[in-house]
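K.L.:
Sequence first, predicted coordinates after that:
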Amino acid sequence: MLCRLLPALVLMMPVGAGQMGIYGTATGHPRAGDAAPDLVFREVLSSPVAGSWTQAMLSGQVTVLGFFPDTSHNREPVAEWNARVDEFAGRHVQFVWITGEDKRTLMPALEKHPIKGWVLYDREGATAKAYGLDMPVNVYIGPDGRIVGFQQGSVPDEETLNAVLDGRVVLTRPTAATLKEVREGNLVALDSAPARMPRAADYRPQFAPSDTVHITLANGGERGNFGSDDYWVLRGVTLKEILEEVYGVSAVRMELPASLNTARRYDVALLLPHPERREAMKERVKQALQQYFHVTVERELRVADVYVLSREPGRTPPLERPSEFELPGHPGGGSRETSVGFMEAGGSDKYMGRPRAQGLDALVGIAEEGTMDDLCHDLEGTLDRPVVNETHLEGRYRIQVQVPAGSKINFSAALREQTGLVIGRGQRKVALLKLKAVDR
């Protein structure tokens with residue numbers, strides 16, 4: 001079974017309780033059942049029919065709104081969106097893609113990869129604000145011009161869209177008491193209001209501020225990485241995941257005592273009386289880990305089995321042009337996206353959702369925008385041994401590799417053929433993070 005790890009939202013929030021979503025302050029807060037606000041935009045970039053958009057078009061058929069701040073770097077959603085438009089052609093559904101990306105990157109992308117349906121250019125995010133969006137979601141509008149519901153995600157799925165067309169939508173999540181009714185009615189749940197981005201206050205610890213790092217056994221519930229400039233919380237994480245965060249070392253570069261190399265999960269929480277840089281918080285957590293688990297942490301150079309990433313002479317992957325979201329001064333500056341495709345095997349012990357210790361042949365694709373070190377690090381998050389960068393390439397690159405469906409070639413061959421990068425097994429001296437138990 002083919003699975004894909006999509007870029008995860010990193011919930012490290014260097015903002016206060018007044019945080020706004022990526023579009024800024026909302027100008028409206030409509031809910032399911034309310035009349036759909038008018039769409040506000042600068043211009044129509046593409047249309048499925050002759051003429052321009054009119055607000056009357058929000059009635060008479062089902063409308064799907066998709067919001068895409070960054071279009072040029074999301075080729076897969078574009079392909080999925082176009083496939084959905086084709087699939088529902090002639091079924092009284094119109095698709096509206098709304099984007100505000102800088103035209104310097106947007107227009108070349110649209111020329112190379114046209115988007116079907118309506119494409120509206122809303123540089124200021126006015127429509128998203130009118131719909132009360134913190135982040136991109138799908139909005140479904142019925143033939144009566146009223147909002148049917150909201151759904152997290154970028155591309156509407158077939159099941160949900162069919163349910164909207166058939167009137168099989170519920171606005172409450174199924175419970176144990178209602179699950180049978182939902183299943184028998186083949187109902188699909190939508191949100192009555194758009195999901196909001198987490199605020200710093202949502203995850204702020206409730207205990208008194210101090211320099212103490214609190215480590216406790218997790219009792220289930222939400223898992224993730226949350227923080228601001230005066231607190232940091234890791235929820236439902238394994239010891240290896242904690243070590244990855246604070247030491248920046250992949251799990252395949254760790255050696256733990258058997259008693260600690262388990263799937264046991266922990267909560268880590270730090271609430272300071274004053275703001276502090278993330279690196280300083282990490283140092284506090286490092287000290288707390290050693291005390292809590294009664295270990296010392298050392299780095300040891302050792303010859304180990306690795307994957308070596310190199311390149312064919314004379315071939316270089318395409319350079320990556322940073323999007324406006326990565327430019328200095330942009331609220332999302334410094335962000336980076338990656339996705340890894342793999343054949344499903346075993347479970348996952350990583351709270352960001354990626355299976356561990358996959359063999360190289362389990363990979364079927366990768367989409368990476370970053371340095372060669374970034375690529376190696378992200379591969380290590382899935383593979384069963386360290387990945388050593390011997391490409392000698394500087395700068396940022398765009399890596400798009402996909403093993404064709406039904407193909408007899410493997411990931412290594414596809415990587416070489418499509419990018420000129422070569423990955424293979426070898427042995428190298430690498431730095432390992434080693435935990436040693438100490439007497440209590």
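P.N.:
Arrived safely. Residues are numbered from 1 along each chain as shown.
K.L.:
Kindly report the domain assignment for this structure.
P.N.:
For the chain, the structural domains run 20-189, 200-298, 303-435, going by automatic domain parsing.
K.L.:
which residues of the stretch 251-400 of the chain fall in strands?
P.N.:
Per DSSP state E, counting those that start in this stretch, the stretch 251-400 of the chain carries strands over the ranges 254-255, 265-271, 295-311, 338-343, 363-370, 387-389, 397-402.
K.L.:
List the buried residues in the longest one.
P.N.:
The neighbour-count check on strand 295-311 (16 or more other Cβ atoms under 10 Å) flags Val295, Val297, Ala304, Val306, Tyr307, Val308, Leu309, Ser310, Arg311 as buried. For the C-beta atoms, the positions are set from N, CA and C on the backbone; glycine is no exception.
K.L.:
want to throw the strands of the stretch 251-400 of the chain into JSON lines with distance to Leu106 and mean pLDDT?
P.N.:
Compiled in JSON lines, those are given as follows (distance: least, Cβ to Cβ, whole Å; pLDDT from 0 to 100):
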{"stretch": "strand 254-255", "distance to Leu106": "42", "mean pLDDT": "95"}
{"stretch": "strand 265-271", "distance to Leu106": "41", "mean pLDDT": "96"}
{"stretch": "strand 295-311", "distance to Leu106": "31", "mean pLDDT": "96"}
{"stretch": "strand 338-343", "distance to Leu106": "21", "mean pLDDT": "60"}
{"stretch": "strand 363-370", "distance to Leu106": "16", "mean pLDDT": "86"}
{"stretch": "strand 387-389", "distance to Leu106": "32", "mean pLDDT": "97"}
{"stretch": "strand 397-402", "distance to Leu106": "16", "mean pLDDT": "87"}
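K.L.:
just so I know, which of the ones you listed lies nearest Arg42?
P.N.:
strand 363-370 (27.1 Å; Cβ to Cβ).
K.L.:
can you tell which of the strands of the stretch 251-400 of the chain is closest to Val137?
P.N.:
Closest among these, once you apply Cβ to Cβ, is strand 338-343, at 19.7 Å.
K.L.:
any idea which helix is longest in the protein?
P.N.:
helix 278-293 (DSSP state H).
K.L.:
Quick one: mean pLDDT over that one.
P.N.:
Taken as a whole, helix 278-293 carries a mean pLDDT of 97.
K.L.:
what do you get for stretch 71-84?
P.N.:
pLDDT averaged over stretch 71-84 gives 88.
K.L.:
What residues sit buried inside that stretch?
P.N.:
Per 16+ other Cβ under 10 Å, stretch 71-84 contains these buried residues: Thr71, Ser72, His73, Asn74, Glu76, Pro77, Val78, Trp81, Asn82, Arg84.
K.L.:
so which helix or strand takes in Ser72?
P.N.:
Under the criterion DSSP states H and E, no helix or strand holds Ser72.
K.L.:
Surely it touches Glu111?
P.N.:
No - at 10.6 Å, Ser72 does not count as touching Glu111 under the criterion of Cβ atoms under 8 Å.
K.L.:
Measure how buried Leu165 is and give me the count.
P.N.:
For Leu165, the neighbour count with other Cβ atoms under 10 Å is 19.
K.L.:
Would you quantify the distance from it to Glu76?
P.N.:
25 Å (Cβ to Cβ, to the nearest Å).
K.L.:
repeat for Gly28
P.N.:
31 Å.
K.L.:
just Arg385 next, same as before
P.N.:
Computed as Cβ to Cβ, the Arg385 to Glu76 distance reads 28 Å.
K.L.:
same deal with Gly227?
P.N.:
29 Å.
K.L.:
pLDDT-wise, which helix or strand of the chain ranks last?
P.N.:
strand 2-5 (a mean of 36; mean pLDDT, DSSP states H and E).
K.L.:
chain center to the helix or strand following that strand: distance?
P.N.:
Using DSSP H and E, the helix or strand that follows strand 2-5 in sequence is strand 43-46. Strand 43-46 has its C-alpha centroid displaced from the chain centroid by 28 Å (Cα atoms, centre = their mean, to the nearest Å).
K.L.:
Restrict whichever helix or strand comes after strand 43-46 to CA atoms and write it as CSV.
P.N.:
Remark: after strand 43-46, the chain's next helix or strand is strand 62-67, criterion DSSP H and E. Output in CSV follows, covering the C-alpha atoms of strand 62-67 (Å, rounded to 0.1, in the frame of the first residue of the first chain):
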residue,chain,number,x,y,z
VAL,A,62,-22.5,23.6,-5.4
THR,A,63,-19.4,25.7,-5.0
VAL,A,64,-16.1,24.5,-3.6
LEU,A,65,-13.6,27.2,-2.5
GLY,A,66,-10.0,26.2,-2.2
PHE,A,67,-7.4,28.6,-0.6
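K.L.:
Strand 62-67 pairs with which strands, and in what direction?
P.N.:
Strand 62-67 has the following strand partners under DSSP bridges: strand 93-99 (parallel), strand 137-141 (antiparallel).
K.L.:
Next, format these as JSON lines and append mean pLDDT and distance to Glu255.
P.N.:
As requested, the strands paired with strand 62-67 are exported to JSON lines (pLDDT from 0 to 100; distance: least, Cβ to Cβ, whole Å):
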{"stretch": "strand 93-99", "mean pLDDT": "96", "distance to Glu255": "47"}
{"stretch": "strand 137-141", "mean pLDDT": "96", "distance to Glu255": "43"}
